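**Q** need a 3D model of the sequence below.
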Amino acid sequence: MPSVIPFPSTKILFYADYSATHLLSVPTGGTNLRKTTTEFGLSILKELLEASLIPSVTVDLVNRFWELNEFGDIPENTTRKHPPTLLTPDLLKQYGQIWFFGQHLGNFNDSEMVTSSGGVRTAPDQNGYPESLLSSDELTALRNWMDNGGGVLILGDHSNMAPDGLLHNLGYALGRTIPRAGQMRKWFGTDSGCAYVTQGGPVINTSGDDSAMGLMPKQADGVPQTIYPFIWEVVTPWTIELHWHPLFQGAPSDDDPTGIITVMADHGHEGVVTLPSGSPDFNDADWPRAANGYQPMPTIVARGVNQNNGERIDLISAYDGQQAGVGRIVAHTTWHHFVNVNLNGFRHPDGSPDETLQILSQYYLNLASYLMPRRDRAGTLGMMLQLAAGSSNMRDLVGAPLDIIGRAAFEHLGKLVTRGQIHDLINLSVEQVIPPNQDSLQLRLPSREHLLGGLIAEHRSSYEPCEGADSRQMHAQMACAARGIKRALRSRLEEYATEAENIKKLLGKISY
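**A** Residues are numbered from 1 along each chain as shown. The predicted structure is shown next:
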């Protein structure tokens, strides 16, 4: 058995600009964090991500304008950084993915930090500072990094510059001009709500908060919004398989054998995700093609419900740029799906996660795995196959049908990773054999259990680890994965041929 596959890991950069976005720990007790120091912090999210076993996840928060102290806090009366921490090639190369938590609107001259009053810190930089917009050098560095496989989570909040007295779009300064990703959220437009409910106008309200919008108690409670991941129906000769995007593949249970993730944190005035379409928005320069001409496109992968009128709204979109040799992107309507004020209500009084937060943590880990550069996904695939192939259950199943091997592998690996991670890595293996011409979710293939069985069987019989460079290791892993998918396809073809022969014999015995 191979024994030298490096342990997979990923480093995530949380990149923010707001003086209230930090990593200060949240007190236990389950209180509403609205209008408190930790409201817009990311400490709960960081803790959930870094609990991952495979891959190992490391999260750093870099605030463009504010230095964090040893407690992850931005203390009172802190002087903002001059110059700010920019997105340079040296910074970007340390990370495989960036999650953007921007709030600034553009280049403005907001006040410096002021002393908090009554225990509540005043965050004066709602609009921005003179260097809030990304510079041309930063955009060039970002494009090169993304073209080399870096993954991006693009976030903001609200989606239009509202009249005075209403809430403004947030995150424009960091988000709008990011290559590709900036086109996956709507930054202006009257169809996207950002007013308080009591002020009228278009509002996308997934929490149900109404007259109490000042404290927004429903966004902070223990009741999440229900989301509706898209379903792809894949018809094979004797069955119809339902496929969900790997972002939403969670752990099966007695109550829900599919394990599909159907909850998300909610908010009273979310933004809008959108899809670029038509020239010049959807061009080859921004949205490259694979070698065979296939051009992957962003896709809406989950919807929610506007509680004000019952309408379905697009909530999350994804772009699989790895099919064209660049990084992946995921867009959400709002960063309220991730921040402390929206997650704290899903914790028990002692700070431990309740059932909803455990489900959300599976989504966050799926997201981190999905955005990993292709080379890092290959390392995770190698580790996953080694762990499964080396288990006692797999040793007892040598020579068993691939479906049985695959089901046992799903059960074994499900204790270590999410089903979404497993499905995504199976898709990675499929792409080694079948050139991209559509989303892997829509291919008419044998079941995921059968494909995983082929990967496990091939790994046990033929994988030879390489000493030395990571590139050689990745090549060996992916070559073995390709053989495993071919093994699974041949096996299924033989089964179909046998079944067809049996039907032919049966028909021969029927008199008409």
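
**Q** so where's the stretch 51-200 of the chain shaky on pLDDT?
**A** 114-123, 159-168, 189-200 (pLDDT under 70).

**Q** quick one: the helices in it?
**A** 89-92, 136-147, 172-175 (DSSP state H, counting those that start in this stretch).

**Q** the second one - contacts with which helices or strands?
**A** Spelled out, that is helix 136-147. For helix 136-147, the packing partners by 3 or more Cβ pairs under 8 Å, 6 or more residues apart in numbering; DSSP states H and E come out as helix 89-92. No exception for glycine: its C-beta is placed from N, CA and C like everyone else's.

**Q** again, only this time at 10 Å
**A** Contacts of helix 136-147 with other secondary structure elements, assessed using 3 or more Cβ pairs under 10 Å, 6 or more residues apart in numbering; DSSP states H and E, are made with helix 89-92, strand 97-101, strand 151-154.

**Q** what angle do the longest one and helix 136-147 make?
**A** On the basis of axes from the mean of the first three to the mean of the last three Cα atoms, to 10 degrees, strand 97-101 is oriented at 130 degrees to helix 136-147.

**Q** neighbouring strands of strand 97-101 in the sheet, and parallel or not?
**A** Applying DSSP bridges, strand 97-101 is found paired with strand 9-16 (parallel), strand 151-154 (parallel).

**Q** got the domain ranges for the chain?
**A** When the chain is parsed with the TED database, its domains come out as 9-372, 376-511.

**Q** mind putting the ones you listed into CSV with mean neighbour count?
**A** What follows is those, written out as CSV (neighbours: other Cβ atoms under 10 Å):
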stretch, mean neighbour count
domain 9-372, 19
domain 376-511, 18
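
**Q** so, low pLDDT: which residues of the protein?
**A** 1-5, 114-123, 159-168, 189-202, 211-213, 235-239, 278-281, 438-442, 464-470, 512.

**Q** nearest to residue 338, of the helices of the stretch 51-200 of the chain?
**A** Evaluated with Cβ to Cβ, these place helix 172-175 nearest to residue 338, the distance being 14.4 Å.

**Q** what's that closest one packed up against?
**A** Helix 172-175 packs on strand 97-101, strand 151-154, going by 3+ Cβ pairs under 10 Å, 6+ apart.

**Q** tell me which of the helices of the stretch 51-200 of the chain lies nearest to residue 396.
**A** Ranking those by distance to residue 396, with Cβ to Cβ as the measure, places helix 136-147 first at 44.7 Å.

**Q** what's across from residue 231 in the sheet?
**A** The residues listed as beta-bridge partners of residue 231 by DSSP bridges are residue 244.

**Q** how much space between it and residue 303?
**A** The spacing between residue 231 and residue 303, counted by Cβ to Cβ, to the nearest Å, is 11 Å.

**Q** one step back: so can I have a markdown table of the strands paired with strand 97-101 showing distance to residue 74?
**A** Shown next, in a markdown table, are these (distance: least, Cβ to Cβ, whole Å):
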| stretch | distance to residue 74 |
| --- | --- |
| strand 9-16 | 10 |
| strand 151-154 | 22 |
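
**Q** residue 125 is nearest to which of those strands?
**A** Comparing the strands paired with strand 97-101 under Cβ to Cβ, the one sitting nearest is strand 9-16, at 11.1 Å.

**Q** next structured bit after the closest one?
**A** Using DSSP states H and E, the helix or strand that follows strand 9-16 towards the C-terminus is helix 43-49.

**Q** CA-only coordinates of that following helix in CSV, if you can.
**A** Extracted as CSV, the C-alpha positions of helix 43-49 are listed here (Å, rounded to 0.1, in the frame of the first residue of the first chain):
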residue,chain,number,x,y,z
SER,A,43,-14.8,34.0,14.6
ILE,A,44,-17.6,31.4,14.5
LEU,A,45,-17.0,30.8,10.8
LYS,A,46,-13.3,30.4,11.3
GLU,A,47,-13.8,27.9,14.1
LEU,A,48,-16.1,25.8,12.1
LEU,A,49,-13.8,25.7,9.1
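
**Q** about what we covered before: out of the strands paired with strand 97-101, which comes closest to residue 316?
**A** Closest among those, once you apply Cβ to Cβ, is strand 151-154, at 10.3 Å.

**Q** which one, of the helices and strands packed on helix 136-147, ends up nearest to residue 208?
**A** Nearest to residue 208 among the helices and strands packed on helix 136-147 is strand 97-101 (24.4 Å), distances taken as Cβ to Cβ.

**Q** could you export the closest one as PDB, CA atoms only?
**A** This file holds the C-alpha atoms of strand 97-101, laid out as PDB (Å, rounded to 0.1, in the frame of the first residue of the first chain):
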ATOM      1  CA  GLN A  97      -8.700  30.900  -2.000                       C
ATOM      2  CA  ILE A  98     -10.000  34.300  -0.900                       C
ATOM      3  CA  TRP A  99     -13.400  35.000   0.700                       C
ATOM      4  CA  PHE A 100     -14.300  38.700   0.200                       C
ATOM      5  CA  PHE A 101     -16.100  40.300   3.100                       C
END
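
**Q** let's verify residue 367: helix, strand, or coil?
**A** Recorded secondary structure, residue 367: helix (DSSP: H, G, I helix; E, B strand; the rest coil).

**Q** I figured it was touching residue 249, is that so?
**A** No. Using Cβ atoms under 10 Å, residue 367 makes no contact with residue 249, being 11.7 Å away.
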